[in-house]
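Asker: following is a predicted model, sequence given first.
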Amino acid sequence: MNFSKVLPMVGGASKLALARTLGKRLPYSITFILTHRCNFQCAYCDIPAAAGEELSEAEFKRAIDDFADAGMSRASFSGGEVLIREDATRIIAHAKSRGLFTSLNTNGWLVPRHLDALTGNLDMMVLSLDGEAAIHDEVRRKQGSQSRVMEAVALAKQRGIAVATITVLSKPNLHVVEPVLSLAERHGFWAYFQPAYTDCFDHQRGLDPALTHDVLASLAKRLSDAKRSGRPVAASAGFLERLARGPAFGDCASCNAGRYFGTVMPDGTVVPCHLVSKEAVYPNGKHVGFVRAFEQMPHPTRGPGCAISPYQESDLIFQLDVRAITSAVERVVKTPGPVGAAHVR
């Protein structure tokens with residue numbers, strides 16, 4: 001197996017261990033939301049409506065430098081649609097130049113245009129995939145968008161970029177687990193699944209009403225069974241256990257968001273995660289310094305946890321859940337295939 005991609009995160013482990021021992025915050029993993037703008041208007045997503053002020057390229061690079069100097073080992077980039085910003089690939093390249101593990105969430109539409117700039121600078125690409133072509137295009141409100149996702153999967157793999165997809169489940173596409181897993185086996189990528197929220201910035205409003213406890217418990221069992229049989233389910237066993245308890249997924253007060261990982265919003269505000277961004281007044285790194293903002297931001301004192309798979313997986317990793325750590329490494333170094341035919345990079 002080629003473990004070179006995960007070396008940046010391994011290299012920061014000693015700083016993380018010290019921070020945990022001392023009970024101090026450490027910005028080990030930071031998500032940079034470069035924009036809320038998007039070239040799609042997806043049925044379940046209200047993020048584009050929040051579009052507003054955005055940091056400049058230089059300001060995002062300064063944030064990356066500040067966090068890297070303070071111990072950041074992983075930088076992920078999300079939106080909106082990140083690649084709608086023409087400077088996005090330069091910002092990602094800057095993160096890679098600082099020796100960080102880099103990850104990008106994208107709808108895939110603009111990937112071919114930016115592939116050369118991403119090659120060598122991006123470690124992992126996470127693509128939105130909401131089912132087979134007809135349902136995906138309906139949910140995404142963009143004809144031909146599913147074929148663009150599959151094209152992006154192939155192109156990224158050709159360039160040595162690890163690939164996963166994330167399927168946001170709401171009422172229209174609750175039936176797509178099997179079609180997505182079949183695509184993942186056939187094309188060799190990992191598949192995440194997560195419930196849709198009523199409001200992308202306020203988890204207190206809850207999930208899509210169709211996602212009852214019984215639905216979530218059934219989904220968790222189905223994915224757990226698939227994972228045990230060797231199918232390319234990206235989620236760790238720990239996440240699936242939490243998913244089965246939904247719509248209460250844990251305890252926001254004990255979550256490590258805001259302790260060892262966090263989020264920089266497009267305007268520079270630093271928050272534990274985007275789902276609690278309306279629950280307090282958070283500092284802006286542009287004005288007070290990004291590391292200082294991370295250290296000073298209030299931590300949630302209540303809440304039922306969340307169903308956002310990257311956040312939950314990160315929380316489990318920082319709780320030293322061996323299953324989550326193993327799954328995280330596997331997603332980067334191992335290319336899945338049909339059951340019994342998985343191969344490594």
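Answerer: Looks like it came in fine.
Asker: please make it C-alpha for all contacts and neighbour counts, starting now.
Answerer: Will do.
Asker: show me where the stretch 1-150 of the chain has strands.
Answerer: Under the criterion DSSP state E, counting those that start in this stretch, the stretch 1-150 of the chain contains strands at 29-33, 74-78, 101-106, 124-128.
Asker: and what of the stretch 201-345 of the chain?
Answerer: Under DSSP E, counting those that start in this stretch, the stretch 201-345 of the chain gives strands at 261-264, 270-271, 334-335, 343-344.
Asker: buried deepest among these, which one?
Answerer: strand 270-271 (a mean of 32; mean count of other CA atoms under 10 Å).
Asker: quick check: longest helix of the protein.
Answerer: Assignment by DSSP state H gives helix 213-228 as the longest helix of the chain.
Asker: output it as CSV, nothing but the C-alphas.
Answerer: This file holds the C-alpha atoms of helix 213-228, laid out as CSV (Å, rounded to 0.1, in the frame of the first residue of the first chain):
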residue,chain,number,x,y,z
HIS,A,213,-35.7,7.1,13.3
ASP,A,214,-36.9,4.0,11.7
VAL,A,215,-35.6,5.1,8.3
LEU,A,216,-32.2,6.0,9.7
ALA,A,217,-31.9,2.8,11.7
SER,A,218,-32.8,0.7,8.6
LEU,A,219,-30.3,2.7,6.5
ALA,A,220,-27.5,2.2,9.1
LYS,A,221,-28.2,-1.6,9.2
ARG,A,222,-28.2,-1.8,5.4
LEU,A,223,-24.9,0.0,5.2
SER,A,224,-23.3,-2.0,8.1
ASP,A,225,-24.3,-5.2,6.4
ALA,A,226,-22.8,-4.0,3.1
LYS,A,227,-19.6,-2.9,4.8
ARG,A,228,-19.2,-6.2,6.6
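Asker: what are the buried residues along it?
Answerer: For helix 213-228, burial by neighbour count (16 or more other CA atoms under 10 Å) applies to 216, 217, 219, 220, 223, 224, 226, 227.
Asker: what does it rub up against?
Answerer: Contacting residues not belonging to helix 213-228 are listed as 232, 233, 237, 240, 241, 243, 244, 245, 246, 247 [CA atoms under 8 Å, 6 or more residues apart in numbering].
Asker: please narrow those residues to those residing in helices.
Answerer: Using DSSP H, the members of these that fall in helices are 237, 240, 241, 243, 244.
Asker: so which of the residues you listed is the most crowded?
Answerer: Ranked by neighbour count (other CA atoms under 10 Å), the ones in helices among the contacts of helix 213-228 have residue 243 at the top, with 27 neighbours.
Asker: per-residue confidence for that residue?
Answerer: As predicted, residue 243 sits at a pLDDT of 95.
Asker: could you do residue 221 as well?
Answerer: 97.
Asker: repeat that for residue 216.
Answerer: 96.
Asker: quick one: it from residue 240, how far?
Answerer: 10 Å (CA to CA, to the nearest Å).
Asker: between the two, which contacts overlap?
Answerer: With CA under 8 Å, 6+ apart as the test, residue 216 and residue 240 reach no residue in common.
Asker: any idea which of the ones in helices among the contacts of helix 213-228 is closest to residue 37?
Answerer: Nearest to residue 37 out of the ones in helices among the contacts of helix 213-228 is residue 243 (CA to CA; 29.3 Å).
Asker: ok, the closest one touching residue 308?
Answerer: No. Residue 243 lies out of contact with residue 308 (CA atoms under 8 Å); the separation is 9.8 Å.
Asker: may I see the buried residues of stretch 274-282?
Answerer: Of all the residues in stretch 274-282, those buried under the rule 16+ other CA under 10 Å are 274, 275, 276, 277, 282.
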